[in-house]
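S.K.: Using only what follows, build the 3D model:
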Amino acid sequence: VRSISGIAFAQHVPPNVRGEQCTTVPRLPPYAMDSAQTNELTQWPLVDRESIEKITHWLTAQPHLPQIQEHEIAQFLHANYGNEEATQRTIENYYTLRTNYRDCFTDRDVFNDAMQTALRIMMFTILPGETKEGYKMVYTRLLTSDASHFNHPQILKFMTMCLDLWVKLEGNAKGHIMLMDMHGMHVGHMTKMNMAAVKKHMFYVQDALPIRLKQLHFINVVPFMNWLMSLVRPLLHKEVEEMINMHVGLGKLHEDIPIECLPNEVGGTAGSVQELHDSFKEKLYANSEWFKATESQNSVDETKRPSKPKKFMFGLFG
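M.R.: Now for the predicted structure:
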């Protein structure tokens, strides 16, 4: 255990992490990982040394992009099924969005008051195990139905941090599934929706995050779900919209997702929502330095871009 200097911890941070960095959960190094991880990632079909070298060569002609490690290139290639052109596009989207969407990708301090508030309002966890297809899963849910402190852009920032950590901790997978439990959500939350932030978040998940998204499950769907979908549907790629599964009951969910992977509250046996939340929260705390380090690393320098700067990328920024 070593001290973290220069962080003013909020009083509600648990004693075991106030002023300390956890060592009992996975912790990522702040900068480059060793070649062993790259070797592991190249064992996946459609990811090989030749493809990595081609992307590395392409990067030499992209001075605006940051230094990208081999294991990161391997993840982008895997997410794009080895398609080099799509991989280049995803890399470009990933780093450009992180630079321009500053509200979401700066000040990523898991111990500040805003993030601690988000952790009291929303939970995120990596579910244990895999589906029969070998897909890995994450689950989100409100921890309180009180919408008075619900800050939608801050919640999306929290979710983005969690997704980033999921990708880094779990590495490649045959596919990825997101489960969103709408328990506790009501119209009060909808009145605080920030559609500009939603648009950027959806672009990040669909076009920049190096994952193979396979399924989206909405659990305990709310009566106003059709209205909500009418707002979000224009932002969805057709193939992503076709991945959506809506569950009023739990029968179909249990057909798709093994019960041993699901929280107790939705008929599973993986542990309570609070237990799963606390477990992932420890991972966030343990990787606080990684978030800070990558904040400065994962950005583009628009003054060095060979082509026209993408400040107004895809109409997302103004």
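S.K.: and the closest residue to Ile244 other than its chain neighbours, what are its bridge partners?
M.R.: Leaving aside its sequence neighbours, Ile244 sits nearest to Leu216 (C-beta to C-beta, 6 or more residues apart in numbering; 4.8 Å). Every C-beta, even on glycine, is put in place using the N, C-alpha and C of the backbone. Listed by DSSP bridges, the beta-bridge partners for Leu216 are Met178, Ile244.
S.K.: Now that Leu216 has come up, it's in contact with Val240, right?
M.R.: Yes: counting by C-beta atoms under 8 Å, Leu216 does reach Val240; the two are 7.2 Å apart.
S.K.: Give the residue from these two that has the larger number of neighbours.
M.R.: Leu216 (18 against 14; other C-beta atoms under 10 Å).
S.K.: ok, that one - contacts?
M.R.: Leu216 makes contact with Ile177, Met178, Met180, Val240, Met243, Ile244, Asn245, according to C-beta atoms under 8 Å, 6 or more residues apart in numbering.
S.K.: run the last query once more with 7 Å
M.R.: Met178, Met243, Ile244, Asn245 (C-beta atoms under 7 Å, 6 or more residues apart in numbering).
S.K.: residues near Leu209, how many?
M.R.: Neighbours of Leu209 under the rule other C-beta under 10 Å: 22.
S.K.: quick one: it and Cys162 touch, right?
M.R.: No: contact criterion C-beta atoms under 7 Å: Leu209 and Cys162 do not qualify, at 11.5 Å.
S.K.: so how far is Glu260 from Leu236?
M.R.: 30 Å (C-beta to C-beta, to the nearest Å).
S.K.: repeat for Trp227
M.R.: Distance of Trp227 to Glu260, given as C-beta to C-beta: 35 Å.
S.K.: Check Leu156 too.
M.R.: Remark: distance between Leu156 and Glu260 (C-beta to C-beta) = 30 Å.
S.K.: Which of those two has more residues huddled nearby?
M.R.: Leu156 (22 against 11).
S.K.: any idea where the strands of the stretch 201-318 of the chain begin and end?
M.R.: Using DSSP state E, counting those that start in this stretch, the strands found in the stretch 201-318 of the chain span residues 213-219, 244-247.
S.K.: from those, which stretch is densest packed?
M.R.: strand 213-219 (a mean of 19; mean count of other C-beta atoms under 10 Å).
S.K.: Tell me how far that one lies from the chain's centre.
M.R.: Computed by C-alpha atoms, centre = their mean, to the nearest Å, the separation of strand 213-219 from the middle of its chain amounts to 14 Å.
S.K.: Helix or strand: which one has the residue nearest to Leu209 when sequence neighbours are not counted?
M.R.: Among residues not flanking Leu209 along the chain, Leu163 sits closest, at 6.2 Å (C-beta to C-beta, 6+ apart). Using DSSP states H and E, Leu163 falls within helix 152-170.
S.K.: any weak-confidence spans in the stretch 1-150 of the chain?
M.R.: Scanning the stretch 1-150 of the chain with the threshold set as pLDDT under 70 gives 1-43.
S.K.: which residues of it fall in strands?
M.R.: Going by DSSP E, counting those that start in this stretch, the stretch 1-150 of the chain shows strands at 122-126, 135-142.
S.K.: a markdown table for those strands, including distance to Glu295 and mean neighbour count?
M.R.: Shown next, in a markdown table, are these (distance: least, C-beta to C-beta, whole Å; neighbours: other C-beta atoms under 10 Å):
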| stretch | distance to Glu295 | mean neighbour count |
| --- | --- | --- |
| strand 122-126 | 19 | 21 |
| strand 135-142 | 22 | 22 |
